[in-house]
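>>> Sequence first, predicted model second:
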2 protein chains.
Amino acid sequence: MNFYKEITPAGFGIAIKVKETLFSAQSPFQKVEILDSDSTLGKILTLDDLMMTTEGDEYFYHEMIAHIPMMNHKEPKTVLVIGGGDGGTVREVLKHDTVEKVVLCEIDGMVIDACKKYLPTIAGELDNPKVEILVEDAIEYIKTKKNEFDIVLIDSTDPMGPGEGLFTEEFYTNVKKSLKKGGIVAAQSESPVVNKEEIKKMYTLLKKVFPITSTFTSPIPTYPGGYWAWAFCSEDVEPLSYIDEKRCEKITKNCKVYNKEYHLARFALPNFLKNLL
Amino acid sequence: MNFYKEITPAGFGIAIKVKETLFSAQSPFQKVEILDSDSTLGKILTLDDLMMTTEGDEYFYHEMIAHIPMMNHKEPKTVLVIGGGDGGTVREVLKHDTVEKVVLCEIDGMVIDACKKYLPTIAGELDNPKVEILVEDAIEYIKTKKNEFDIVLIDSTDPMGPGEGLFTEEFYTNVKKSLKKGGIVAAQSESPVVNKEEIKKMYTLLKKVFPITSTFTSPIPTYPGGYWAWAFCSEDVEPLSYIDEKRCEKITKNCKVYNKEYHLARFALPNFLKNLL
């Protein structure tokens, strides 16, 4: 029996039965693989042997990173997704009727191509005419953007490897400048169970840059510790200060996880995480 | 490198680096093992090769099964814990000053003895004078109990093996009869991610017996799917209808996860689980 095993530095992690490797190649940035699992998770994307997404549980992650900030914005029209080459976050963003344009800035074109071919239920909306795909480094891209986006979603890999520059004070400052008034950033912020040091470092930087920095969490079966956190940052919008009821109702019908009560509950953190932040 | 691997019928699960097996024996009911992991999880209890608890993440489970029902009761004095031979649930119950007596009804004395010896941070309160330990079958024990307990916590194994009889309509009916007025039952009810069929079956039976049957969930890093559910059942008490503020404040100081906001958020379920129930 073949297994995909991801053991974190904490000494434990996930194991998944694997039927075959459908795609494996080294891009200029990382090793990109698509595995066909022998499990309810279906097909899996890994980057440098780390779990990125699975057909079977991707909705936990993508619904949270997209809808928690989007629903807290009165009329999100322009959205920037940084990383997120699998397309899952873009798919969720497009469920909001208000959206006119989504820019996907992903450094690695191989990720986009592999996901379009092997993970169509996740990447299927990347060809939507509202989506502009830029295969380039978001660190450079964001430097020239001022007052352009209602929502910026940092759907990055971990703070080591190609994603490292997406966890710096300079980058966060440029992201802030790219926001319009009332703009909101959400950023994946690692596992509260196994990445405590990374979380501490990241939020220290975010708090330097954004006057409003909060945290929301959700279970994610295939991520380290089964439990994940995202940062909610803004210059002028508090989390839970607004929920668009009409959009919320419509999107709930279209989601496997997201609903209003689940949204409101996301910011209730366990003591150990509150203390860490 | 040695691993403890628990692969669920869904085809995926947890893998933990293991240093050595500290205890391994066959009781009349099951295989009982204590492993010393090479991870932040510390020592681990498994029964019939299924993960029961770890020193590193046990508080997620034990704080939830105990404090969610206990804090919803105005003055819990008498508590019955069914299963739970590791002692973690009893330890949490005893944090409530109102408690006068906790009965632990565990079928397998070997589990209690092994946990007392190898997992003292979990089992340490089993010698508390308020605790009465009965090494017997809860199915028989509960038959003669009428109007005796404020809280019953069903801290069982899965609905196969020695725990099977704890998932029947007859058993639930007897549990209901054992409750005093205002009494509340909480029961572990499997993983919403990998045990969908078991959950459906269990809640169908619970709803036949209890006029009030609800569900709360929390992440648990080492349980299948990283996400766990418990049933909240009563004849006359709605969940979230009461929270003892004074006890809540005191116990929050003593917990790694539990606090009032986290409590209130537990009953917000993802769509797929609402639909399942």
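Received the coordinates, thanks.
>>> Please tell me how far residue A:14 sits from residue A:38.
Computed as C-beta to C-beta, to the nearest Å, the residue A:14 to residue A:38 distance reads 14 Å. C-beta here means a position set from N, CA and C on the backbone, and glycine is covered the same way.
>>> quick one: contacts for the nearest residue to residue A:55 once chain neighbours are set aside?
The shortest distance from residue A:55 to any non-neighbouring residue, by C-beta to C-beta, 6 or more residues apart in numbering or on different chains, is to residue A:42 (3.3 Å). By C-beta atoms under 8 Å, 6 or more residues apart in numbering or on different chains, the residues touching residue A:42 are A:36, A:54, A:55, A:56.
>>> Reformat the residues you listed as JSON lines; add pLDDT, neighbour count and secondary structure.
Below are the contacts of residue A:42 laid out as JSON lines (pLDDT from 0 to 100; neighbours: other C-beta atoms under 10 Å in any protein chain shown; DSSP: H, G, I helix; E, B strand; the rest coil):
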{"residue": "A:36", "pLDDT": "98", "neighbour count": "16", "secondary structure": "strand"}
{"residue": "A:54", "pLDDT": "98", "neighbour count": "29", "secondary structure": "strand"}
{"residue": "A:55", "pLDDT": "98", "neighbour count": "19", "secondary structure": "coil"}
{"residue": "A:56", "pLDDT": "97", "neighbour count": "21", "secondary structure": "coil"}
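>>> so what pLDDT did the residue nearest to residue A:55 get?
Note on residue A:42: pLDDT of 98.
>>> Residue A:118 versus that one, what's the distance?
10 Å.
>>> Report whether stretch A:204-220 contacts chain B.
Yes: counting by C-beta under 8 Å from any C-beta of the partner chain, chain B has neighbours in stretch A:204-220: A:217, A:219, A:220.
>>> and of the residues you listed, the nearest to residue B:9?
residue A:219 (19.4 Å; C-beta to C-beta).
>>> Can you give me every residue that contacts that closest one?
A:60, A:226, A:227, A:228, B:193, B:217, B:219, B:225, B:226, B:227.
>>> Residues in a beta bridge with the nearest residue to it once chain neighbours are set aside, which ones?
Counting by C-beta to C-beta, 6+ apart, residue B:227 is the residue found nearest to residue A:219 once chain neighbours are left out, at 3.8 Å. The partner list for residue B:227 in beta bridges (DSSP bridges) reads residue B:219.
>>> ok, residue B:227 - contacts?
A:219, A:221, A:226, B:191, B:192, B:193, B:217, B:218, B:219, B:220 are the contacts of residue B:227 under C-beta under 8 Å, 6+ apart.
>>> mind running it again at 10 Å?
By C-beta atoms under 10 Å, 6 or more residues apart in numbering or on different chains, the residues touching residue B:227 are A:57, A:60, A:218-221, A:226-227, B:191-194, B:217-221, B:270, B:273.
>>> so who does residue A:160 touch?
A:48, A:50, A:167, A:198.
>>> if you set the cut-off to 6 Å instead, what comes out?
Not one residue lies near residue A:160 by C-beta atoms under 6 Å, 6 or more residues apart in numbering or on different chains.
>>> Ramachandran angles for it?
Dihedral pair for residue A:160: phi -130, psi 160, per degrees, to the nearest 10.
>>> Contacts only, for residue A:270.
If you count contacts by C-beta under 6 Å, 6+ apart, then residue A:270 has B:257, B:262 around it.
>>> ok, 7 Å please
B:256, B:257, B:262 (C-beta atoms under 7 Å, 6 or more residues apart in numbering or on different chains).
>>> Same check on residue A:177?
residue A:146.
>>> number of nearby residues for whichever residue of the stretch 101-250 of chain A sits closest to chain B?
Using C-beta to the nearest C-beta, the closest approach of the stretch 101-250 of chain A to chain B is made by residue A:226 at 1.7 Å. Residues lying near residue A:226 (other C-beta atoms under 10 Å in any protein chain shown) number 29.
>>> Quick check: closest non-adjacent residue to it.
residue B:226 (1.7 Å).
>>> Likewise for residue A:223?
Residue A:223 sits nearest to residue A:191 (C-beta to C-beta, 6+ apart), 6.2 Å away.
>>> list the contacts for the one you found?
Per C-beta under 7 Å, 6+ apart, neighbours of residue A:191: A:223, A:224, A:225, A:227, A:228.
>>> Can you verify my assumption that the last one contacts residue A:216?
Read that as residue A:228. No: contact criterion C-beta atoms under 7 Å: residue A:228 and residue A:216 do not qualify, at 9.5 Å.
>>> Show me what from the stretch 151-277 of chain A comes close to chain B.
A:193, A:219, A:221, A:225-227, A:252, A:255-257, A:259, A:261-262, A:264-265, A:268-272 (C-beta under 7 Å from any C-beta of the partner chain).
>>> swap the cut-off to 8 Å and go again
So far as C-beta under 8 Å from any C-beta goes, the stretch 151-277 of chain A lies against chain B at A:193-194, A:217, A:219-223, A:225-227, A:252, A:255-259, A:261-262, A:264-272, A:274.
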